[in-house]
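Structural data only, the sequence is not supplied:
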């Protein structure tokens, strides 16, 4: 019979060849013979992480890190699994520990991860985020030399380049194509630099013969920077932020005369190479500008004004009409379901005992992730039968709003796409004025939509409002009226005034280009 070390060797080989199911089985077999094998626990956890079984991965990787406290790789992978489950503050702590080990790769991985996930952590405020990102930018940009952009040729149209890895993702692109489709092609030449799918009608883009679409995924930042200089782009607009981190150093090459961050920017980049970030009065008060390396340009209304140009489900009556109780819901990403969020939602449900909560996202496809989330609610006394935990289904995803009366926003990292989709399906979103830009994006959309009563002053007010709404059946008919007229309200509001947002951005581009 093979011993544990031989089985572990075979498991590692299968793991390297990405045969995760087979490797997982062998790691478990090795552990049945030697439960104290840190290497087997680490291998098992790494495999489970690869197949997005984060709940089981946390158990395995935590065991590996306990057996080998100096195993920086186990700690980094544990942090990633914790983050994906919404245990963001724990993830931050493990990344910080891994960075202190002195292991070069672990330090690099930890620093890269921290600057990405920091806006969603209660442990890291605006000052801490600025320090982390400024340090990251200084390290990444140390050996990058700026190029000399092409001078502006005033005899031609102003050339605008939009940089994104997500042009093919229709759910994310509602604000972006809402603006791009409105551009005045007589004055502006539009370039879309894509690291992902092409802009298509299916993703909400209206094709224009003069638009230029670049497929850039195979190009390094330096190569792409030289192409941008050669093309004479006047203004380069980053739509990614830290969601496509590998592309951010492009802007350190300074390939365009002016560089602007918009759309997926909800904190400082930590860089001095952006001339400004586009926001609005709802997301960033003037006294927080001290925590930004960039100048802030505020547009009227919402900087996330959106348009829906693809098929979506029809509006439905609110489910309380059939159920006789309020169903709360959130279709946001699992990594936004932090411990603070779970605690707040549990308080709401404990004080409104007839309510139910529907949560739906891709992470909940996996059984171990559903169990992990259920246990977090159970620790706060919320019974399993009051929770509906479901995975993501592209074709049926938005239909889930037919089963939700009121959407509860996440914090410290609000919904963006999630908030627009809930509103478009007629479901009001309850939020509050957070302590950072990322915690005010829903506020921006709701105020622009003329729904200020759904924006509370603080977290305590948010919890009280949800409890009051669930307990006051006399006001539930207001939900039905609001739901039935929501799309018309949005279309008549600044929340969907993409033409006005486009004109504001065009004015900014012209002013910046000089």
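Perfect, I can see it now. All figures in this text were calculated on a predicted structure; none of them were measured in a lab.

which residues sit in contact with the residue lying closest to residue 501 once chain neighbours are set aside?
Spatial nearest neighbour of residue 501, excluding adjacent residues (Cβ to Cβ, 6 or more residues apart in numbering): residue 305 at 4.3 Å. Where C-beta positions appear, they are placed from N, C-alpha and C, glycine not excepted. Each residue near residue 305 by Cβ atoms under 8 Å, 6 or more residues apart in numbering is listed here: 175, 178, 179, 448, 494, 495, 496, 497, 498, 500, 501.

Just to check, the third one is in contact with residue 505?
Yes. In terms of Cβ atoms under 8 Å, residue 179 counts as a neighbour of residue 505; the distance is 6.1 Å.

Wait, a strand at the residue nearest to residue 501?
No. Using DSSP: H, G, I helix; E, B strand; the rest coil, the assignment for residue 305 is coil, not a strand.

Look up phi and psi at it.
Here is the backbone geometry of residue 305 (degrees, to the nearest 10): phi -50, psi 140.

Against residue 128, how distant is it?
According to Cβ to Cβ, to the nearest Å, residue 305 stands 31 Å off from residue 128.

what does residue 38 give?
32 Å.

and what of residue 29?
Using Cβ to Cβ, residue 29 is found at 44 Å from residue 128.

buried sites along the strand or helix carrying residue 48?
Applying DSSP states H and E as the criterion places residue 48 in helix 38-50. Buried positions in helix 38-50, judged by neighbour count with 16 or more other Cβ atoms under 10 Å: 38, 39, 40, 41, 42, 43, 44, 45, 46, 47, 48, 49.

Just send those residues back as JSON lines, with pLDDT and distance to residue 65 too.
Below are the buried residues of helix 38-50 laid out as JSON lines (pLDDT from 0 to 100; distance: Cβ to Cβ, whole Å):
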{"residue": "38", "pLDDT": "96", "distance to residue 65": "8"}
{"residue": "39", "pLDDT": "97", "distance to residue 65": "12"}
{"residue": "40", "pLDDT": "97", "distance to residue 65": "14"}
{"residue": "41", "pLDDT": "98", "distance to residue 65": "9"}
{"residue": "42", "pLDDT": "97", "distance to residue 65": "8"}
{"residue": "43", "pLDDT": "97", "distance to residue 65": "13"}
{"residue": "44", "pLDDT": "98", "distance to residue 65": "13"}
{"residue": "45", "pLDDT": "98", "distance to residue 65": "9"}
{"residue": "46", "pLDDT": "97", "distance to residue 65": "12"}
{"residue": "47", "pLDDT": "98", "distance to residue 65": "16"}
{"residue": "48", "pLDDT": "98", "distance to residue 65": "14"}
{"residue": "49", "pLDDT": "98", "distance to residue 65": "13"}
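
Closest one of those to residue 370?
Nearest to residue 370, judged by Cβ to Cβ, of the buried residues of helix 38-50 is residue 48 at 14.5 Å.

outside of the helix or strand containing residue 10, which residues touch it?
Assigned by DSSP H and E, residue 10 belongs to helix 4-16. With contact meaning Cβ under 8 Å, 6+ apart, helix 4-16 is reached by 2, 20, 22-23, 26-27, 29-31, 33-34, 37, 39-40, 43, 46-47.
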